[in-house]
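A.B. asks: take a look and give me a structure for this.
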Amino acid sequence: MPKLAASRLADGWTRKPLNEVVSRVTQRNHTGETNALTISAKDGLVSQTDYFNRRVISDDARQYFLLQCGDFAYNKSYSIGHPVGVIRRLDRYERGIVSPLYICFRPNGNVDSNFLRHYFEAGSVDDQIAWVAKEGVRNHGLLNVGVGDFFSIDVDLPPLKEQQRVAEILDSLDESIRSTERLIVKRQSLRDGLLQEFFTRGVGPDGQLRPHHSDAPERYRRWGGGSIPREWVVRLLDQVAVRGSGHTPNREVPSYWDGGIKWVSLADSSKLDRIYITDTAKNISAAGIANSSAVVHPPETVILSRDAGVGKSAILADEMAVSQHFMAWRCGGELNPLYLYYWLQYNKQVFESIAFGSTIKTIGLGFFKRLRIAVPALAEQQVAATVLLQSDGLLSTTKTELAKLRAVKQGLMEDLLTGRVRVTVEGA
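C.D. replies: You can find the predicted model right below:
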């Protein structure tokens, strides 16, 4: 099979077939090793027990390949976003075994292992793998990539010291990304903990949580499977907010659409759960409002998805209409919109659990007519909302930082792993 047309090679770089810089690993598992590994596109080679809470070995484990830390494996299973499979390095464990369907290899002294890891994870050989893959087995979830074809794939390499310097730069970014991911997990946990505490214990004027239930049981009463402060009033949500919904204008009538009225639909699902929704994927017209059951809701209306994406919520930042897939509440004088938003967030799992339907799960209107909410004094609602807003702000800022780091890494990989941008190497 002729090779895919080669791209221009950077000055000082060399192009070599993979089999000149790696050695195939073919050792079978005759040692009794039990740590069965699988490849995750995101997390690399991971233990099946850790990842799936069970071992997923369908064949005789003695036929599995035995890998050691630093070895690579190619999994040719099709997956969304990775149609030609993925190549990952074993980093988390000293040893492990992988399916005999994997192609395994070990770098030799002619290539830096860390550079090679970044090179593969960037998808630098994906086009070549697609080129040598034979059709006929894709419906079974596997590509037919021959071992000989795989090891004939070319890799473009700078001098060894430059490989090492490129790997150091990308490794440093990886560590910053991992550190930021850990911080997100920590701040998400803090935010979720605050939700739990605020809606079971409440807060005082100083923003401090009330005493724990076990320390002052007389100050609490049972409600909704948990407990709430005694002074909170339990009301039907319909008693403290005006409930509404929406509709979809006739899509066959062009004049009903693109008229400048923001319209929240399931297409905006990714914009929910971020406190305020400021923009929508689609908008409708005044004619669309007049000729359907859609209505324009005022700013500060709180919405909840009752169909696909059940339980997602937001506050309208502007006047907007919504589709029939949403409930909408305009808060009265006893209810702060931010408090209601966070209360819906706190009860998200409840909404998810009661949704029904075989194709698209939904929550019937009857549920919302009966929905009850525990209402503290407005001042207490405001204090809780302020603290939760601060927590969400920190979480959002950290997620933005992570997105920036990932974008920087993506750009650097495109530059450094192709030689488009060169790095300075001491002594070169």
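A.B. asks: make it CA atoms for all contacts and neighbour counts henceforth
C.D. replies: Noted.
A.B. asks: where in the stretch 251-400 of the chain is pLDDT low?
C.D. replies: 358 (pLDDT under 70).
A.B. asks: show me the strands in the stretch 51-200 of the chain, by range?
C.D. replies: Shown for the stretch 51-200 of the chain, the strands assigned by DSSP state E, counting those that start in this stretch span residues 65-68, 72-75, 86-89, 95-98, 103-107, 154-157.
A.B. asks: Asp273: which of those is closest?
C.D. replies: strand 86-89 (32.4 Å; C-alpha to C-alpha).
A.B. asks: show me what the closest one is packed up against.
C.D. replies: strand 44-47, strand 72-75, helix 113-121 (3 or more C-alpha pairs under 8 Å, 6 or more residues apart in numbering; DSSP states H and E).
A.B. asks: what about 6 Å?
C.D. replies: Here strand 86-89 touches strand 72-75, going by 3 or more C-alpha pairs under 6 Å, 6 or more residues apart in numbering; DSSP states H and E.
A.B. asks: can you give me the helices in the stretch 251-400 of the chain?
C.D. replies: 286-290, 337-346, 348-354, 365-370, 378-416 (DSSP state H, counting those that start in this stretch).
A.B. asks: and the last one, how far out from the chain middle?
C.D. replies: Put simply, helix 378-416 sits 14 Å off its chain's centre (C-alpha atoms, centre = their mean, to the nearest Å).
A.B. asks: who are the packing partners of that helix?
C.D. replies: Partner elements for helix 378-416 (3+ C-alpha pairs under 6 Å, 6+ apart): helix 337-346.
A.B. asks: what's the closest of the strands of the stretch 51-200 of the chain to Glu401?
C.D. replies: It is, among those and with distance given as C-alpha to C-alpha, strand 86-89, at 25.9 Å.
A.B. asks: who's in contact with the closest one?
C.D. replies: Strand 86-89 is contacted by residues Gly44, Gly70, Asp71, Phe72, Ala73, Tyr74, Asn75 when judged by C-alpha atoms under 6 Å, 6 or more residues apart in numbering.
A.B. asks: farthest-apart pair in those, please.
C.D. replies: Greatest spacing in the contacts of strand 86-89, by C-alpha to C-alpha: Gly70 and Asn75 (16.1 Å).
A.B. asks: neighbour count: these two, which is higher?
C.D. replies: Asn75 (23 against 19; other C-alpha atoms under 10 Å).
A.B. asks: give the contact list for that one.
C.D. replies: Asn75 neighbours (C-alpha under 6 Å, 6+ apart): Gly85, Val86, Tyr102.
A.B. asks: re earlier: can you list the strands of the stretch 51-200 of the chain in CSV and add distance to Arg330 and mean pLDDT?
C.D. replies: Output for the strands of the stretch 51-200 of the chain, formatted as CSV (distance: least, C-alpha to C-alpha, whole Å; pLDDT from 0 to 100):
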stretch, distance to Arg330, mean pLDDT
strand 65-68, 60, 95
strand 72-75, 52, 96
strand 86-89, 49, 96
strand 95-98, 56, 94
strand 103-107, 59, 97
strand 154-157, 60, 96
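A.B. asks: which residues of the stretch 1-150 of the chain fall in helices?
C.D. replies: 48-52, 113-121, 126-132, 147-151.
A.B. asks: worst average pLDDT in the ones you listed?
C.D. replies: If you rank the helices of the stretch 1-150 of the chain by mean pLDDT, helix 48-52 sits at the bottom with a mean of 83.
A.B. asks: specify which member of the contacts of strand 86-89 is nearest to Lys161.
C.D. replies: For those, the nearest to Lys161 is Gly70 (19.2 Å; C-alpha to C-alpha).
A.B. asks: and the spatially closest residue to the closest one that is not a sequence neighbour, what does it touch?
C.D. replies: For Gly70, ignoring the flanking residues on the chain, the nearest one in space by C-alpha to C-alpha, 6 or more residues apart in numbering is Leu90 at 5.3 Å. Listed by C-alpha under 6 Å, 6+ apart, the contact set of Leu90 reads Leu45, Cys69, Gly70, Asp71.
A.B. asks: quick check on those residues: which are buried?
C.D. replies: Leu45, Gly70, Asp71 (16 or more other C-alpha atoms under 10 Å).
A.B. asks: re earlier: in TSV: the contacts of Asn75, plus distance to Arg165 and neighbour count.
C.D. replies: As requested, the contacts of Asn75 are exported to TSV (distance: C-alpha to C-alpha, whole Å; neighbours: other C-alpha atoms under 10 Å):
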residue	distance to Arg165	neighbour count
Gly85	28	22
Val86	24	23
Tyr102	30	19
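A.B. asks: of the residues you listed, closest to Gln390?
C.D. replies: Using C-alpha to C-alpha, these come closest to Gln390 at Val86, 39.9 Å.
A.B. asks: show me what the longest strand along the chain is packed against.
C.D. replies: With secondary structure taken from DSSP state E, the chain has its longest strand at strand 257-264. Strand 257-264 is packed against strand 282-284, strand 321-322, with contacts defined by 3+ C-alpha pairs under 6 Å, 6+ apart.
A.B. asks: chain center to the longest one, what's the gap?
C.D. replies: Same thing as strand 282-284. Distance, stretch centre to chain centre, for strand 282-284: 27 Å (C-alpha atoms, centre = their mean).
A.B. asks: alright, calling it a day.
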